[in-house]
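[1] pasting the sequence and the predicted model now:
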Protein chains: 2
Amino acid sequence: MDTRALSVFLSVAETLNFSRSGQALHMSVSAVSRTVARLEQEVGQPLFERDRRRVTLTRAGNEFREYARRSLADWQQLQRKLGSGGELAGEVSLYCSVTATYTLLAPILAALRGTHPSLEIMMHTGDQADGIGRVLEGQDDLAVTICPLNVPPRLEYLPLVESPLQFCMPASNCQVRERVLASQDDGRIDWEALPLIVPERGTTKELLDDWLRERDVRPQIYAQVAGHEAIVAMVSLGLGIGIAPQLVIESSGLGSGVDTISLEQGLPSLSIGLAALRQRLASPLVRALWEVAGQTYPDPV
Amino acid sequence: MDTRALSVFLSVAETLNFSRSGQALHMSVSAVSRTVARLEQEVGQPLFERDRRRVTLTRAGNEFREYARRSLADWQQLQRKLGSGGELAGEVSLYCSVTATYTLLAPILAALRGTHPSLEIMMHTGDQADGIGRVLEGQDDLAVTICPLNVPPRLEYLPLVESPLQFCMPASNCQVRERVLASQDDGRIDWEALPLIVPERGTTKELLDDWLRERDVRPQIYAQVAGHEAIVAMVSLGLGIGIAPQLVIESSGLGSGVDTISLEQGLPSLSIGLAALRQRLASPLVRALWEVAGQTYPDPV
DNA sequence: TCTTTAATAGCGTTTTACGCAAGCGAAGTA
DNA sequence: TACTTCGCTTGCGTAAAACGCTATTAAAGA
C-alpha cells in the first residue's frame, strides 16, 4: 500500500481506461494493470469491474477511491508542512547549459522564489549532453536536457518546450556562407563540400548522425565541439556550418552572427525539459522545483 | 511511502531503539535502519536524532509520527470496512496436520467464528512437513507448521506453542519395549540395536539427523514415514521406537499406546505456529485469521 | 470474417530490499 | 590508556519485486 499505487489507482478511476492512464503516468499498460491487481489483492476485493470493453468502479472501488484521495491529500499536506516549515536541510542541485540558464530557467526560478523562498538552488552549467549522465550518477538532482531517444527507466522526464534542431551558417559574408547560398540556388546543398561543426556527443549528435545516414551523406567534419553554444560561436566566426537547437541560436549573444538554413526536410524537433531520478523526485525539495517548472511551462505539445 | 515503512517508523519511534524494533518486527537492524533512512529521504528531513548513544525524535519526526498514526489507522479502518462490509469474495485455505486440527486449531477457529462469522475456511490436512512447501507454492494461504530451521525470506512465521520433540516406544510389552528398558538400565540406550521409525522429511527429520550425527549414531532405520501421527501409530503397534512432538503423542487417539522415553540430553524443543507468504498476509481475510491466532495463543515464550 | 481495441499473462531484465558482516564512534571498564 | 561493549550505519552479494516488451484473448465494429 504505497502512495505510488494510490496515484495509479486514482488515475485509472478517473479515466476508466488502463491504457490512457498508462500514458498519463509514463508507464506501460501492463504495469498499470499489475499495480491495480496488486492493490486489489491487498484490499481483498476487486476495485474495478472489467467487462472486456468498459471499466467501472465496484462499490469497494468507490470506497477505496475516497480513501485514496484522503490518504494522498494527507501525505501531500504533510509534505507541504514539513517541506516549508522545517529548516530545509539540503539544497537542490541543478545541471544545465548556459543558454538554459537565461531562457528556460529564468522564469522557473523567478516563480520558485515566490512560492518557495527558502529553497536554495545550486546550479552547475556545462554541455547539455552531460545532463542525463550527471543525473543518473547522482551528481545533480535535476538537469535541463534534451529528451533522450530512450529515457532510462529510473529517470523521469518532464517536457517543457519544443525547439527545432537547425543548421546554421555565418551571417557575415565569408567563403562558407557563399558556398551555402550557391548550393541553395542549385536546389540541393552539397553537404560533403562544406565544413561541418557537430556536437561531440549527446542526443543532437545522434539525431544528426541518423539524418546524415538516411541521406547517405558523409560530411566533412570540421570540428566536434562540446556544447551547442560553442558550436554557434564557431559558426559565427565563419569556420563552418553548424547544428544547434533554434532556442540556442536565437538566444546566443551572437544571434545576429548566424543565420539558420531552411531546408525542405529539416532536422527533427527536440523536446527540452527537466530530468531527474524517480528516487530523487520523492524528495519534497526536488519535487517542488519539478512542479513549479511544470506549471511555468504548461502543456508543451 | 508505504504502510510497511510507517509501521517500522512507529515501532522505532516507540522503542527509540533500532535493534529492539528489528527484533519486534522480525527484521534485521540494517533493514530497519535503511527503511527509516528511505523514509527520511522521502520526507526530506531527518526524523530521528542519533547521537551515537541515544535515539530521539526530531520535531519533524514528531509531526510525522502523528501523520503515520493517522495514516495507518485510516488504512486499518478501510480494511475493516471492506473486509467485513464487502461480500468477501474468497475464502482462506489452511493446511495442517490432523493433530493440529483438534489441538491447536480448534480454539482459533472457535474464536474466529465469533469475531468473523463470514470468514470461510477451506482446510487441507496432511503431513505437517509439506506445509511450508504448499504455502510457498501458493497452494494454501496458511499452514500450521513446525518452525523451519531457516525461515525463507518471503515467509512470515507466527509462533503459537512450544512442544518438545520426543522419542517414544510402545506402551504394551513387546520385544522393542523390553530392549529399551534394558538399555535404560545400562544407563545408555543402544540406538544402533533398536529399530527406529523416522519422519520422511521436514524439520523434525533434520533435527533428528543433527542429533544423531552429533552423537555419531548410525541408527537402524525401520521405516521412513510421512506424518507424525503415522509414526506414533506404528510405534504403538510395537514396530519400533519413533520420534514426534509431544503434542502429537499426547493427543493421538493412541496416547495410551505409546510411552515417551526420557533422556538426559533430549531432543530440542519445537516451535509450532502459523506460516504464510508475506504477500498473502496483505489480504484482510488472511490477516484476520493470523491475528485471531496470535490473540488466542499470546506470547508463546 | 476480419480488423480494431483493450486488458491480461509470460518472459527476460532492471531495480529495489534484505541479511550478513565489517566499520565506527561513544560510553563503560579494568 | 587500552580494551570491550553497544548500537547505528555501510558495502556487498543475493533474492524478490516491478517493469517493459510481446503474445494472447476476448469483445465490438466494419
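    Cool, got the structure.

[2] name the nearest residue to A:F18, sequence neighbours excluded.
    Distances taken as CB to CB, 6 or more residues apart in numbering or on different chains put A:V32 closest to A:F18, at 5.0 Å, once the chain neighbours are dropped. To be clear about C-beta, it is placed using only N, CA and C from the backbone, and glycine gets the same treatment.

[3] OK, contacts around that neighbour?
    Going by CB atoms under 8 Å, 6 or more residues apart in numbering or on different chains, A:V32 touches A:V8, A:V12, A:F18, A:S21, A:G22, A:L25.

[4] could you dump these to a markdown table with secondary structure?
    Below are the contacts of A:V32 laid out as a markdown table (DSSP: H, G, I helix; E, B strand; the rest coil):
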| residue | secondary structure |
| --- | --- |
| A:V8 | helix |
| A:V12 | helix |
| A:F18 | helix |
| A:S21 | helix |
| A:G22 | helix |
| A:L25 | helix |
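
[5] residue ranges with poor pLDDT in chain A?
    A:52, A:83-90, A:253-255, A:299-301 (pLDDT under 70).

[6] all helices for it, in order.
    Applying DSSP state H to chain A gives helices spanning A:3-15, A:18-25, A:29-43, A:59-85, A:98-100, A:106-115, A:131-136, A:175-186, A:203-214, A:228-236, A:246-251, A:278-281, A:284-296.

[7] picking up where we left off before, distance of the residue nearest to A:F18 relative to DNA strand C?
    Taken as CB to the nearest atom of the strand, to the nearest Å, the spacing of A:V32 relative to DNA strand C amounts to 7 Å.

[8] for A:L212, same thing?
    For A:L212, the distance to DNA strand C - CB to the nearest atom of the strand - is 29 Å.

[9] once you drop chain neighbours, what's closest to A:A129?
    A:G202 (2.6 Å).

[10] make that A:I189, sorry
    A:S183 (4.6 Å).

[11] isn't that neighbour right next to A:D190, touching?
    Yes. Using CB atoms under 8 Å, A:S183 is in contact with A:D190, at 4.9 Å.

[12] more crowded one of these two?
    A:S183 (15 against 12; other CB atoms under 10 Å in any protein chain shown).

[13] enumerate every residue touching that one.
    A:I189, A:D190, A:A193, A:L194.

[14] would you mind listing what in the stretch 1-150 of chain A touches DNA strand D?
    A:4, A:26-31, A:34-35, A:38, A:51-53 (CB under 7 Å from any atom of the strand).

[15] please, a ChimeraX command that selects the buried ones among the residues you listed?
    Buried members of these, defined by 16 or more other CB atoms under 10 Å in any protein chain shown, are picked up in ChimeraX with:
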select /A:35
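
[16] what's near enough to touch whatever residue of chain A ends up closest to chain B?
    Closest residue of chain A to chain B, CB to the nearest CB: A:D2 (3.3 Å). Taking CB under 8 Å, 6+ apart, we find A:D2 in contact with B:M1, B:D2, B:T3.

[17] between those residues, which sits nearest chain A?
    The closest of the contacts of A:D2 to chain A turns out to be B:D2 (CB to the nearest CB; 3.3 Å).

[18] hmm, back to that, dump the contacts of A:S183 into a markdown table; add distance to A:L267 as well.
    Formatted as a markdown table, the contacts of A:S183 follow (distance: CB to CB, whole Å):
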| residue | distance to A:L267 |
| --- | --- |
| A:I189 | 13 |
| A:D190 | 18 |
| A:A193 | 19 |
| A:L194 | 15 |
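
[19] farthest pair within these?
    Largest separation among those by CB to CB: A:I189 and A:A193, giving 8.9 Å.

[20] who's more crowded, the two?
    More neighbours surround A:I189 than the other of A:I189 and A:A193, with 19 against 12 (other CB under 10 Å).

[21] in stretch A:139-156, which residues are buried?
    The neighbour-count check on stretch A:139-156 (16+ other CB under 10 Å) flags A:D140, A:D141, A:L142, A:A143, A:V144, A:T145, A:I146, A:C147, A:P148, A:L155, A:E156 as buried.

[22] I figured the first one was touching A:L94, is that so?
    Same thing as A:D140. Yes. With contact defined as CB under 8 Å, A:D140 counts as touching A:L94 (6.2 Å).

[23] okay, and the common contacts of these two?
    Shared contacts of A:D140 and A:L94, counting by CB under 8 Å, 6+ apart, come down to A:H124.

[24] now, the buried residues of stretch A:139-156 that are in strands?
    A:L142, A:A143, A:V144, A:T145, A:I146, A:L155, A:E156 (DSSP state E).

[25] near chain B too, which of those residues?
    Restricting these to those touching chain B (CB under 8 Å from any CB of the partner chain) yields no residues.

[26] what is the most widely separated pair among those?
    Going by CB to CB, the pair spanning those furthest: A:I146 and A:E156, at 15.3 Å.

[27] do I have it right that A:V258 meets A:A171?
    Yes. The pair A:V258 / A:A171 is scored as a contact, 5.5 Å apart, by CB under 8 Å.

[28] from A:T3, how far out is the closest residue to A:Q279 other than its chain neighbours?
    Counting by CB to CB, 6+ apart, the nearest residue to A:Q279 once its immediate chain neighbours are dropped is A:R154, at 7.0 Å. Look at A:R154 and A:T3: by CB to CB, to the nearest Å, they are 18 Å apart.

[29] can you report phi and psi for A:L267?
    When read as degrees, to the nearest 10, the backbone of A:L267 gives phi -80, psi 160.

[30] how about residues contacting stretch A:58-68?
    With CB under 8 Å, 6+ apart, stretch A:58-68 has contacts from A:6, A:9-10, A:13, A:39, A:43, A:45-49, A:57, B:74-75, B:78, B:81-82, B:86.

[31] now do the buried residues in it.
    A:A60, A:G61, A:E63, A:F64, A:R65, A:Y67, A:A68.

[32] which among those residues gets closest to B:I108?
    Nearest to B:I108 out of these is A:A60 (CB to CB; 27.1 Å).

[33] skipping adjacent residues, who's closest to the closest one in space?
    Leaving aside its sequence neighbours, A:A60 sits nearest to A:Q45 (CB to CB, 6+ apart; 4.5 Å).

[34] my guess is the one you found meets B:L82, correct?
    Yes. Using CB under 8 Å, A:Q45 is in contact with B:L82, at 6.0 Å.

[35] out of the contacts of stretch A:58-68, which are buried?
    A:6, A:9-10, A:13, A:39, A:43, A:45-48, A:57, B:75, B:78, B:82, B:86.

[36] so which of those is the closest to DNA strand C?
    A:F48 (7.0 Å; CB to the nearest atom of the strand).

[37] compute the number of surrounding residues for the residue lying closest to that closest one once chain neighbours are set aside.
    Nearest residue to A:F48, sequence neighbours excluded (CB to CB, 6+ apart): A:V55, at 5.2 Å. A:V55 is flanked by 18 other residues according to other CB under 10 Å.

[38] tell me the contacts of A:V55?
    With CB under 8 Å, 6+ apart, A:V55 has these contacts: A:V12, A:L16, A:N17, A:F18, A:F48, A:E49.

[39] any idea how far the residue of the stretch 151-300 of chain A found nearest DNA strand D is from B:L181?
    Taking CB to the nearest atom of the strand as the measure, the stretch 151-300 of chain A has A:P153 as its residue closest to DNA strand D, at 5.4 Å. Using CB to CB, A:P153 is found at 71 Å from B:L181.

[40] same question, A:G257
    To B:L181, A:G257 is 110 Å away according to CB to CB.

[41] next: A:P199.
    Taking CB to CB, one finds A:P199 at 93 Å from B:L181.

[42] the two: which is more packed in?
    The residue with more neighbours, out of A:P199 and B:L181, is A:P199; 25 against 14, by other CB under 10 Å.

[43] so the more buried one versus A:A244, what's the distance?
    In this view, A:P199 and A:A244 are 8 Å apart by CB to CB.

[44] what sits in contact with each of the two?
    A:H228, A:I231.
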